[in-house]
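**Q** my questions concern the predicted model and sequence given below.
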Amino acid sequence: MRRLILSAALAAVLFCSVSERAGAQPAKGAPAALERARETMANRFRDTKLTGDPDRDFAELLIASYEETLFLAKTQLDYGGDRQLRETAQKIQDEQQGKIDDLKRWLVRSREAGYRPQPNQTPSGEGPLDRQAKAAPAQARPEPPPAEKAASQPAPPATPSNAPLVAGTVKKVDDAAGKVTLDHETIPNIGMDAMTMAYKVQDPAMLKGLKPGERVRFSADRVNGSIAVTRIQKAK
């Protein structure tokens, strides 16, 4: 009788062990699901369309990166059997989805007419790395003689003829920095959406007489690698 009880107990242990190992094996269809995940991850980031706006492109590419990881985590939750890996996948799903939602809310908010950029936002091409790149060549070259320096000074770039006038409202005038903050419509020639933003002016004299609250019409274009207001006039 004792031998019979021991045999039954041993059989139960073996059954449980086999069941646990079987449960940890990948579910049917896992290889195809992982192949889809790999293909999606390879294409999602590559197929994201860039706009030329560094903030918007950063947000779009970051969303694509998070969604790739999220897709892989979902595949593990659907087919994986290891508890630790499933916990990792669940943590990724919980955290990444919140980040994606935040970035998508920013994208929607940035397209609204009343959107106000953060105080430290600078125009495209005006970031710290851009300023370092512009300063480095000047530091590397010796100062030319005054006569040679005057002869080598390039003439100010002419206002592009294809730069359209767009409507805007002056929000702030910074004479010292040579900038004007404008709440403006879409600037089609540089692909800039309607927003409020500070711009350098090509000629500081353009700021003379401008006051916050005034309605204006202006042109903007890329000048020497950065966006600048090339023409501005008070709206009639």
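**A** Received it, and whenever you're ready, just let me know what you need.
**Q** check contacts around residue 201.
**A** Residues near residue 201 by Cβ atoms under 8 Å, 6 or more residues apart in numbering: 178-180, 207, 228-229, 232. Every C-beta, even on glycine, is put in place using the N, C-alpha and C of the backbone.
**Q** quick one, phi/psi of it?
**A** Dihedral pair for residue 201: phi -110, psi 140, per degrees, to the nearest 10.
**Q** now do residue 217, the pLDDT please.
**A** pLDDT for residue 217: 93.
**Q** run a quick neighbour tally on it.
**A** 17 (other Cβ atoms under 10 Å).
**Q** likewise the one 4 residues further on?
**A** The criterion is other Cβ under 10 Å. On that basis, residue 221 has 19 neighbouring residues.
**Q** and what of the one 5 residues further on?
**A** Summarising burial for residue 226: neighbours were counted as other Cβ under 10 Å, giving 17.
**Q** so which residues of the chain form strands?
**A** Taking DSSP state E to define them, one finds strands in the chain at 166-174, 179-184, 195-201, 215-223, 226-234.
**Q** dump the contacts of residue 201 to CSV, plus distance to residue 47.
**A** Putting the contacts of residue 201 into CSV (distance: Cβ to Cβ, whole Å) gives the following:
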residue, distance to residue 47
178, 40
179, 37
180, 38
207, 43
228, 33
229, 35
232, 39
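**Q** relative to residue 98, which of those residues is nearest.
**A** residue 179 (35.9 Å; Cβ to Cβ).
**Q** quick check, that closest one in contact with residue 199.
**A** Yes: with contact defined as Cβ atoms under 8 Å, residue 179 reaches residue 199; the gap is 6.3 Å.
**Q** comparing those two, which residue is more hemmed in?
**A** With neighbours defined as other Cβ under 10 Å, residue 179 and residue 199 compare such that residue 199 has more, 24 against 21.
**Q** what's the closest of the strands of the chain to residue 87?
**A** strand 195-201 (42.2 Å).
**Q** how about low-confidence regions in this protein?
**A** Across the chain, the ranges flagged by pLDDT under 70 are 1-28, 44, 117-162.
**Q** quick one, helices of it?
**A** 2-24, 30-46, 54-79, 83-110, 128-140, 146-152 (DSSP state H).
**Q** now residue 47. Its backbone dihedrals?
**A** Dihedral angles (degrees, to the nearest 10) for residue 47: phi -90, psi 0.
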